[in-house]
Every structure is written in C-alpha cells, then in structure tokens.
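Trainee: prediction below, plus the sequence it came from.
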Amino acid sequence: MTVDLNQLASGGRMRDWNIRRHLGVKKWPKATFEVEAVSVVSREPWVASLHGTLGFRDQRKGLSVTATGKRDETNLDVQAEFQLCLPEWGLKAPRFLVLKMDDMVSVHVHLYASARGC
C-alpha cells in the first residue's frame with residue numbers, strides 16, 4: 001500500500017501545511033506499507049493483525065498493527081491506528097510558537113477498497 005503524504009489531513013489547513021513541511025513531503029512524498037502476513041483475529045466484527053514493513057524517508061522498519069472494519073464479497077472498509085516515534089525516523093518533534101508535539105505520534109489510517117467488475 002502506498003500513501004501520498006500530500007493528502008495528509010488533520011482537520012486544520014495551516015497545521016497540515018506545517019506537518020507536511022516538517023515531514024519533508026516535497027522530498028519524500030510517499031510512505032509505503034508492505035503487508036507480509038495477515039492473521040484474522042475475528043470475523044464478526046472483522047479484526048485482523050497485519051505484520052509488514054513501513055517505508056518512509058528512505059528508511060524501512062517492521063510494523064505490526066491491528067485493523068478493524070467491515071468486509072463483504074466486494075468491499076473492504078478498514079481502520080487502523082499505530083504509534084510512531086519521530087526520533088526513530090530522524091525527525092524532531094515540531095514546535096508551534098510555545099507548543100511542542102510529543103516524540104510519539106498517533107497515526108490513524110482509513111482504507112476503503114472495492115473490487116471492480118470486468
């Protein structure tokens with residue numbers, strides 16, 4: 001899966017611009033997650049454990065996340081949340097005036113996929 005970081009949305013236009021600038025999105029516009037293993041934890045509600053490699057800023061690190069969602073024969077609607085430690089990726093926590101972000105940030109992903117007919 002490839003994510004265009006130019007589409008990052010936090011709900012604040014100015015905050016999004018600052019975050020993109022801080023992440024270096026002009027130089028590294030994409031993040032990837034290559035799924036290597038999936039374990040279905042439950043089918044109703046649908047919960048799965050995903051194990052793979054996260055690629056970001058010319059680095060690759062192992063990542064395991066739990067995804068929840070809905071799945072039928074043609075659609076998949078999944079959400080997952082995981083924590084990233086900014087210094088591990090070569091980033092310092094950004095500062096805005098007198099505010100400073102924590103080194104650990106929460107990343108929320110919402111994926112919707114639908115099968116196409118022929």
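Mentor: Ah, there it is.
Trainee: what are the bridge partners for residue 109, then?
Mentor: residue 80 (DSSP bridges).
Trainee: sorry, that was for residue 46
Mentor: residue 43, residue 69.
Trainee: and it, how far is that from residue 77?
Mentor: Distance of residue 46 to residue 77, given as CB to CB, to the nearest Å: 9 Å. (C-beta placed from N, C-alpha, C; glycine too.)
Trainee: overlap in contacts, the two.
Mentor: 69, 70, 71 (CB atoms under 8 Å, 6 or more residues apart in numbering).
Trainee: lowest-confidence one in the residues you listed?
Mentor: Among the shared contacts of residue 46 and residue 77, residue 71 carries the lowest pLDDT, at 80.
Trainee: for the nearest residue to that residue once chain neighbours are set aside, the count of nearby residues, please.
Mentor: In this structure, residue 71 finds its nearest non-sequential neighbour in residue 46, 5.0 Å apart by CB to CB, 6 or more residues apart in numbering. The number of residues packed near residue 46 is 17, by other CB atoms under 10 Å.
Trainee: buried members of the shared contacts of residue 46 and residue 77 into PyMOL, please.
Mentor: Buried members of the shared contacts of residue 46 and residue 77 can be picked out in PyMOL with the line below, counting by 16 or more other CB atoms under 10 Å:
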select buried, resi 69+71
